[in-house]
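Novice: What follows is a predicted structure for the sequence shown.
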Amino acid sequence: MVAALEAKRFELLGELVPRALRFGVLVNPAVPAFEADIDLARAATKTLGRSLGVLTASTNREIDAAFARAVEQRVDALVIARSKLFIERRLQLTMLSMRHVLPAMFYNRKFAEVGGLMSYSPNTTDQFRQAGIYVGRLLKGEKVADLPVMQPTKFELVINAQTAQLLGVEVPTTLLALADEVIE
């Protein structure tokens with residue numbers, strides 16, 4: 001599931017920026033699964049026939065330095081991996097992507113809401129609905145061990161059209177048609 005989600009993020013970013021030959025992935029090495037995120041990014045970019053630059057940051061200062069390294073490595077587009085630090089620093093990340101004219105794909109709609117170019121993630125409203133169903137089943141007496149593990153089934157693509165315009169990125173009509181929300 002996680003592999004398919006990460007692959008989809010790279011695929012969507014590739015559709016948005018078709019001339020991008022080198023993708024970057026920003027990971028937080030303080031996150032236990034950061035190496036798995038890198039492996040997923042490598043697999044996704046290999047499938048798309050693109051190269052990958054790995055950028056790491058585990059502090060605010062390192063985030064700034066990572067964007068400078070992205071420019072040095074000639075990264076054409078960037079995918080931000082999941083991290084509590086990154087969601088807390090979403091404004092910093094979106095501003096840096098704009099300052100460096102670096103189209104970026106984020107893992108949570110909150111990034112697009114503060115000016116990030118694009119996000120693709122599970123629909124949180126649907127996840128809360130599923131959690132409510134689970135609670136209801138537990139209150140009716142079902143045992144936790146009898147309940148199946150649920151994976152997200154609804155995903156949302158959010159595109160910030162204003163940011164795309166500022167970055168000089170023309171959003172294809174195919175992506176606009178797929179988008180669950182286009183922020184003007």
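Specialist: Perfect, thanks for sending it.
Novice: how about low-confidence regions in this protein?
Specialist: 1-2 (pLDDT under 70).
Novice: Tell me which stretches of it form strands.
Specialist: Using DSSP state E, the strands of the chain run over 22-27, 51-56, 77-80, 104-106, 118-122, 155-160, 181-183.
Novice: of those strands, which approaches residue 8 most closely?
Specialist: Smallest distance to residue 8 across the strands of the chain (Cβ to Cβ): 6.1 Å, for strand 118-122. C-beta: built from backbone N, CA, C; applies to glycine.
Novice: who does the closest one pair up with?
Specialist: According to DSSP bridges, strand 118-122 has the following sheet partners: strand 104-106 (parallel), strand 155-160 (antiparallel).
Novice: Out of these, which one sits most buried?
Specialist: Mean neighbours per residue, mean count of other Cβ atoms under 10 Å, is largest over those for strand 104-106, with a mean of 29.
Novice: And it, how far out from the chain middle?
Specialist: 5 Å (Cα atoms, centre = their mean, to the nearest Å).
Novice: Not counting that strand itself, show me its contacts.
Specialist: Residues outside strand 104-106 that contact it (Cβ atoms under 8 Å, 6 or more residues apart in numbering) are 9-10, 12-13, 16, 77-80, 90, 93-94, 97, 112, 116-120.
Novice: who's in contact with the residue lying closest to residue 50 once chain neighbours are set aside?
Specialist: Closest residue to residue 50 apart from its sequence neighbours, by Cβ to Cβ, 6 or more residues apart in numbering: residue 23 at 5.3 Å. Neighbour list for residue 23: 10, 13-14, 41, 45, 48, 50-53, 75-79 [criterion: Cβ under 8 Å, 6+ apart].
Novice: Residue 89 touches residue 60, doesn't it?
Specialist: Yes - using Cβ atoms under 8 Å, residue 89 is in contact with residue 60, at 6.3 Å.
Novice: how deep is the closest residue to residue 58 other than its chain neighbours tucked in, by neighbour count?
Specialist: Closest residue to residue 58 apart from its sequence neighbours, by Cβ to Cβ, 6+ apart: residue 30 at 4.3 Å. Neighbourhood size, residue 30 [other Cβ atoms under 10 Å]: 13.
Novice: Any idea which of the strands of the chain gets closest to residue 144?
Specialist: Residue 144 lies closest to strand 118-122 among the strands of the chain, at 21.8 Å (Cβ to Cβ).
Novice: centre of the chain versus the closest one, how much separation?
Specialist: 6 Å.
Novice: now do the same end-to-end measure for stretch 146-156.
Specialist: Length of stretch 146-156, first residue to last, Cα to Cα, to the nearest Å: 29 Å.
Novice: List of residues touching it?
Specialist: Taking Cβ under 8 Å, 6+ apart as the rule, stretch 146-156 contacts 1, 5, 8, 109, 119-123, 126-127, 130, 134, 137-138, 180-181.
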